[in-house]
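Engineer: I need the structure of the sequence given here:
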Amino acid sequence: MLGSFMGATDSSIVIISLTTISRYFNASTSEVSWVMIAYLLAITGFLIPFGRLGDVKGRKKIFIAGFALFTASSFFCGAATSLPELILFRALQGIGGAMITATGPALLSVSLPECVRGRALGYLSASSALGLAAGFGLGGLIISLLSWQWIFFINVPVGLCAVIIAYFFIPHDAGQQKTQGTFDLPGALLVLLAAGLFIYALSFGEELGWTSLRILFTFALSVIFSTIFVILELRTPVPLLQLRLLKSPGISLGIGAAMLNRLVLSGTAYLIPNYLELMKGYSPGFTGLLLLVPSLLIMIAAPVSGTLSDRIGSRWLCTLAGAFLFFAVLIFVLFDHTIVLILIILALALRGISMGLFSPPNFRLILTSTPADQKGSASALWYFSRYLASAIGIVVFETALDRRIRGDEPEGVTGAIHLFHSIAELEIAFDHAFLVGIFFIIGMIVLTAMLREEKYR
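Structural biologist: Got it, this is the predicted structure:
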């Protein structure tokens, strides 16, 4: 549970710090967004392979090694003297996070009696939501009192304690059978290359020029690696992802809706702290406290939504979640920088309720649309798609923002130019970015409305 808490805390604590990091390194929005993107890409590529490697080599070993890597890379993130260094160590931190996330729930499941496993997994989900909430408040407090480096240094003592506790108290993997050929490293590397190149081109296309040779070449390489990945996955006996599952309309539409949902949520998670600090002039500390609202509401809405989905199905709950998210983003589009605090809180609350309402019924729909012997593969595909959409969401919304901020700036201009624009110019940029989110939400609602649950046992 500590791993789940730390992973969620790390995500939110970094989001609240991006404006400060941008100012410190004089970095543009596209450059600083890679502090988040590198972490998410690493988890996307290595989450499933490390889950399988844990089955082969032992989950406890992978879990402890993951915590050690996460802790060491946290220290080096805080000690980074340049933005490229910080991004590199964030990628290493993401690999450690993938090792922890891939093995933590399985360790919890096999280490406890069957009669309490459901309750324990419920506590695991709650610890993740609590960590997400704590990260916003803690990140704002740390930046207000210390410096951004301490959002990473704070992981070091906690991580060291976690390694010691895990080593002495987590049972060894007893009776675990080793299997061969279950670590699809080529698939993982192809995912990282294809997604990373695509996101790089999308992120820097506005800055370098969409028709520049570098951007066009990067897009082309991404298409090539994506094609190789699909061909390899369809031919590999034990692939990274069971892409054939997408032939089922329930699974393909459900995962499509989940990706659009996660894309908007991650994109707005990137935009909103910048909006509150740049447009409203709020301090990082106060911004962090405001962002506690949606995170805490997830803990209330998610269990209720999960229970209701067992009674009334998933379709209408997911559609309702889309409606809540639509109105949350619409508030930021309709009102200018003079928006009153109560409306900001309302928008954040609607967004939090939407987050809690959507995921449990959507995941349930995926599983009920999947044959019993393939539910594990469907679960892996769902988690993979959400992490990938999170990385893409940040860069899509950042690109929409950056396109308007740059305006008449010549191509090739770098640095934190967003910190030197007027409120009126920034307002147009934020409105444009949030409006992009509206279109994605409409697409999510349409896909959800098309869903028909296919019952499997």
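
Engineer: host element of S147?
Structural biologist: With secondary structure defined by DSSP states H and E, S147 is part of neither a helix nor a strand.

Engineer: count of residues packed around it?
Structural biologist: S147: 13 surrounding residues under other C-beta atoms under 10 Å. The way it works is simple: take the backbone N, C-alpha and C, and place the C-beta from them, glycine included.

Engineer: low pLDDT regions in the chain?
Structural biologist: The chain contains residues with pLDDT under 70 at 1-11, 55-56, 104-135, 137, 171-184, 206-207, 240, 372-377, 404-422, 453-457.

Engineer: what does stretch 188-203 contact?
Structural biologist: Applying C-beta atoms under 8 Å, 6 or more residues apart in numbering, the external contacts of stretch 188-203 come out as 30, 33-34, 37, 41-42, 44-46, 48-49, 215, 218-219, 221-222, 225-226, 228-229, 232, 240, 388, 391-392, 395-396, 398-399.

Engineer: the host helix or strand of I353: which residues count as buried?
Structural biologist: Per DSSP H and E, I353 falls inside helix 341-368. Judged by neighbour count using 16 or more other C-beta atoms under 10 Å, the buried positions of helix 341-368 are 344, 347-368.

Engineer: tell me how far S385 lies from F152.
Structural biologist: Distance of S385 to F152, computed by C-beta to C-beta, to the nearest Å: 28 Å.

Engineer: those two: which has the busier surroundings?
Structural biologist: Looking at S385 and F152 with other C-beta under 10 Å, you find the greater number of neighbours at F152, namely 25 against 20.

Engineer: ok, that one touching S74?
Structural biologist: Yes. Between F152 and S74 a contact is recorded at 4.7 Å, counting by C-beta atoms under 8 Å.

Engineer: and for I428, the neighbour number?
Structural biologist: Neighbour tally, I428, other C-beta under 10 Å: 13.

Engineer: show me what the helix or strand encompassing it is packed against.
Structural biologist: Using DSSP H and E, I428 sits in helix 423-449. Other elements packing on helix 423-449 under the criterion 3 or more C-beta pairs under 8 Å, 6 or more residues apart in numbering; DSSP states H and E are helix 249-278, helix 315-334, helix 375-406.

Engineer: buried ones from the contacts of stretch 188-203, can you make that a ChimeraX selection?
Structural biologist: The following ChimeraX line selects those of the contacts of stretch 188-203 that are buried, judged by 16+ other C-beta under 10 Å:
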select :30,33,34,37,41,42,44,45,46,48,49,215,218,219,221,222,225,226,229,240,388,391,392,395,396,398,399
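
Engineer: so of the contacts of stretch 188-203, which ones are in helices?
Structural biologist: Here DSSP state H is the test, and the contacts of stretch 188-203 give 30, 34, 37, 41-42, 44-46, 48-49, 215, 218-219, 221-222, 225-226, 228-229, 232, 388, 391-392, 395-396, 398-399 as lying in helices.

Engineer: I'd like to know how many residues surround V35.
Structural biologist: When counting by other C-beta under 10 Å, one arrives at 24 neighbours for V35.

Engineer: so who does it touch?
Structural biologist: Neighbours of V35 in contact, by C-beta under 8 Å, 6+ apart: 14, 18, 21, 83, 86-87, 90.

Engineer: and these, which is closest to F335?
Structural biologist: Comparing those against F335 with C-beta to C-beta picks out L18 as the nearest, at 23.1 Å.

Engineer: that closest one contacts A269, correct?
Structural biologist: No. In this structure, L18 is not within contact of A269 by C-beta under 8 Å, at 10.3 Å.

Engineer: count the residues that sit near the closest residue to L308 other than its chain neighbours.
Structural biologist: With C-beta to C-beta, 6 or more residues apart in numbering as the criterion, L308 has its nearest non-adjacent residue at 6.1 Å, and that residue is L317. Burial of L317 is recorded as 23 neighbouring residues (other C-beta under 10 Å).

Engineer: check the one 5 residues further on too.
Structural biologist: Neighbour count for G322, taken as other C-beta under 10 Å: 25.

Engineer: check contacts around the nearest residue to it once chain neighbours are set aside.
Structural biologist: The spatially closest residue to G322, leaving aside those adjacent along the chain, is I445, at 4.0 Å (C-beta to C-beta, 6+ apart). Taking C-beta under 8 Å, 6+ apart as the criterion, I445 is in contact with 319, 322-323, 326.

Engineer: how close does the residue lying closest to A257 once chain neighbours are set aside get to V304?
Structural biologist: For A257, ignoring the flanking residues on the chain, the nearest one in space by C-beta to C-beta, 6+ apart is L447 at 4.2 Å. Taking C-beta to C-beta as the criterion, L447 is separated from V304 by 23 Å.

Engineer: of the two, who's got more company?
Structural biologist: Remark: of L447 and V304, L447 carries more neighbours, 22 against 14, as counted by other C-beta under 10 Å.

Engineer: wait, that one sits on G256?
Structural biologist: Yes. Counting by C-beta under 8 Å, a contact exists between L447 and G256, whose distance comes to 5.1 Å.

Engineer: so for these two, which residues contact both of them?
Structural biologist: By C-beta under 8 Å, 6+ apart, no residue touches both L447 and G256.

Engineer: in the chain, which residue is closest to the centre?
Structural biologist: Taking C-alpha atoms, centre = their mean as the criterion, S390 is the residue nearest the geometric centre of the chain, at 4.2 Å.

Engineer: can you report how many residues neighbour the residue lying closest to that one once chain neighbours are set aside?
Structural biologist: Of all residues not flanking S390 in the chain, S266 sits nearest, at 4.0 Å (C-beta to C-beta, 6+ apart). By other C-beta under 10 Å, 26 other residues sit near S266.

Engineer: against F136, how distant is S266?
Structural biologist: Applying C-beta to C-beta, the value for S266 to F136 is 15 Å.

Engineer: how distant is the helix holding I353 from the center of its chain?
Structural biologist: Between the centre of helix 341-368 and the centre of its chain there are 15 Å (C-alpha atoms, centre = their mean, to the nearest Å).

Engineer: now it and helix 249-278, what's the angle there?
Structural biologist: Per axes from the mean of the first three to the mean of the last three C-alpha atoms, to 10 degrees, the angle that helix 341-368 makes with helix 249-278 is 160 degrees.

Engineer: tell me the helices and strands packed up against helix 341-368.
Structural biologist: By 3+ C-beta pairs under 8 Å, 6+ apart, helix 341-368 packs against helix 249-278, helix 284-290, helix 292-312, helix 315-334, helix 375-406.

Engineer: can you do 6 Å?
Structural biologist: Using 3 or more C-beta pairs under 6 Å, 6 or more residues apart in numbering; DSSP states H and E as the contact criterion, the neighbours of helix 341-368 among helices and strands are helix 249-278, helix 292-312, helix 315-334, helix 375-406.
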